[in-house]
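Student: fold the following and give me the result.
(one chain, ligands or ions: 1)
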Amino acid sequence: MPGTEIVRMARKAGIMTAAASSAPGWKTMANIAAAGLDPSDFDFIASGDDVKRCKPDKDIYALSLIKLGVSEREAVVFEDSKAGIESARKAGCRTVALMTTIDGASAYSAGADAVISDLSAAVPFSTPEEAEELLFPLQKGSGTVRYGANLIRPLERRMPDSFIEKRAVEAARKAWEHGYAPYSGFRVGAAVVSAATGRIYPGCNVENSSYGATICAERNAITTAVAAEGVIGIDLIAVYSDDDPPAPPCAVCLQVIAEFARPETRIVLASPRQAPVSYTFSELLPMPFIFPTMR
Ligand code: THU
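Tutor: The predicted structure follows:
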């Protein structure tokens with residue numbers, strides 16, 4: 001198994017490590033030895049003996065996070081099986097799939113965030129930041145493209161469209177659960193995919209006692225993305241509501257989207273009961289207003 005030195009390298013870089021396997025304890029230990037590692041290389045070892053529900057349930061990773069005392073957002077899981085990727089995803093961890101035993105397309109559709117040939121592609125590094133850059137490079141695009149009122153350098157190596165859409169819809173659905181709509185009772189969730197980084201930012205509607213102070217989910221997601229990255233280009237925006245057909249962005253939100261979108265930016269509308277429907281931005285707002293000096 002190439003690249004297993006990553007475990008010791010991680011520890012040197014101040015990163016905690018755990019081995020999490022559905023195999024019984026004795027087999028997990030044998031596998032660690034066969035990989036040229038020692039149990040003492042890990043801060044925690046979870047085996048199938050430690051949980052009732054093995055992968056693809058999340059328990060083994062949830063347990064590992066608790067034992068390491070880290071949040072799911074701080075953790076990165078390396079997986080070489082579909083069940084393992086699903087398990088890590090359910091636990092909320094970012095997952096890097098190894099193509100030693102699974103192909104890239106299956107890995108992405110199981111929910112992997114990155115795919116590498118084997119562990120040796122994830123070394124060397126000497127700090128957590130270097131490891132992050134190796135695994136999740138913020139790829140530099142080749143040229144700038146106009147997104148609404150802004151020039152943005154989009155990602156060169158994007159994930160497949162279907163994968164991006166699935167992830168964005170799921171983020172919008174999660175945000176929808178947080179919709180604050182005590183007056184209308186109509187919750188809305190949204191998720192913006194940043195063209196320059198591929199990162200996904202969620203937003204939900206937040207109503208107000210003074211009704212007009214209400215903010216829509218789409219604008220919430222966009223302002224969240226701008227707060228994180230500065231100016232953004234919108235690669236895709238997903239909107240989730242419990243309506244059939246699923247609700248489109250209101251005209252105010254379309255104008256806000258116009259500031260950061262291209263005519264071909266996809267707007268994906270989703271709801272609990274039917275398959276998502278995809279539009280281009282220009283279908284929903286053919287003639288957006290952009291301030292003359294910004295065009
Ligand atoms: N709403 C959105 O969040 N997005 C839209 O584009 C349409 C409307 C919210 C605002 C309000 O909280 C509720 O839906 C009913 O208007």
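Student: test my guess that residue 188 contacts residue 179.
Tutor: Yes: the criterion here is Cβ atoms under 8 Å, and residue 188 meets it with residue 179 at 5.6 Å. Heads up, the C-betas are built off the backbone N, CA and C, glycines and all.
Student: joint contacts of those two?
Tutor: Common neighbours of residue 188 and residue 179, counting by Cβ atoms under 8 Å, 6 or more residues apart in numbering, are 204-205, 217.
Student: can you lay out those residues as CSV showing secondary structure?
Tutor: Formatted as CSV, the shared contacts of residue 188 and residue 179 follow (DSSP: H, G, I helix; E, B strand; the rest coil):
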residue, secondary structure
204, strand
205, coil
217, helix
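Student: buried subset of those as a PyMOL selection?
Tutor: For selection in PyMOL, the members of the shared contacts of residue 188 and residue 179 meeting the burial criterion (16 or more other Cβ atoms under 10 Å) are listed in this command:
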select buried, resi 204+205+217
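Student: circling back to that earlier point, residue 188 and residue 179: which is more packed in?
Tutor: Taking residue 188 and residue 179 together and counting by other Cβ atoms under 10 Å, residue 188 has the greater number of neighbours (28 against 23).
Student: separation between that one and the ligand?
Tutor: 3 Å (Cβ to the nearest ligand atom, to the nearest Å).
Student: phi, psi for the closest residue to residue 67 other than its chain neighbours please.
Tutor: Excluding the flanking residues, the one nearest residue 67 by Cβ to Cβ, 6 or more residues apart in numbering is residue 44, at 4.2 Å. Recorded main-chain torsions at residue 44 are phi -150, psi 140, according to degrees, to the nearest 10.
Student: so what pLDDT did residue 44 get?
Tutor: Reading off the confidence values, residue 44 has pLDDT 98.
Student: what's the burial count for it?
Tutor: When neighbours are defined as other Cβ under 10 Å, residue 44 has 17 of them.
Student: identify the bridge partners of it.
Tutor: Beta bridges link residue 44 to residue 18, judged by DSSP bridges.
Student: same question for residue 278.
Tutor: Using DSSP bridges, the bridge partners assigned to residue 278 are residue 268.
Student: am I right that it is in contact with residue 168?
Tutor: No: Residue 278 sits out of contact with residue 168 when judged by Cβ under 8 Å, with a separation of 10.8 Å.
Student: neighbour count for those two, which is higher?
Tutor: Counting neighbours by other Cβ under 10 Å for residue 278 and for residue 168 shows that residue 168 has the greater number, 28 against 15.
Student: how about the helices in the protein?
Tutor: Ranges of helices in the chain, per DSSP state H, are 6-12, 25-34, 59-68, 82-90, 104-110, 128-135, 161-177, 217-229, 251-258, 281-284.
Student: one step back: any common contacting residues for residue 278 and residue 168?
Tutor: Counting by Cβ under 8 Å, 6+ apart, the shared contacts of residue 278 and residue 168 are residue 268.
Student: ok, the residue nearest to residue 84 when sequence neighbours are not counted - how many residues close by?
Tutor: In this structure, residue 84 finds its nearest non-sequential neighbour in residue 55, 5.1 Å apart by Cβ to Cβ, 6+ apart. Neighbour count of residue 55, defined by other Cβ under 10 Å: 23.
Student: what does residue 172 give?
Tutor: Neighbours of residue 172 using other Cβ under 10 Å come to 30.
Student: isn't it up against residue 270?
Tutor: Yes: here residue 172 lies in contact with residue 270, judged by Cβ under 8 Å, at a distance of 6.5 Å.
Student: intersection of neighbour lists for those two?
Tutor: A shared contact of residue 172 and residue 270, defined by Cβ under 8 Å, 6+ apart, is any residue touching both; here these are 238-240.
Student: and those residues, which is closest to the ligand?
Tutor: Closest approach to the ligand among the shared contacts of residue 172 and residue 270 (Cβ to the nearest ligand atom): residue 239, at 6.9 Å.
Student: can you pull the residues of the stretch 151-295 of the chain lying near the ligand?
Tutor: Counting by Cβ under 6 Å from any ligand atom, the residues of the stretch 151-295 of the chain close to the ligand are 181, 184, 186, 188, 205, 207, 214, 216-218, 247, 249-250, 253.
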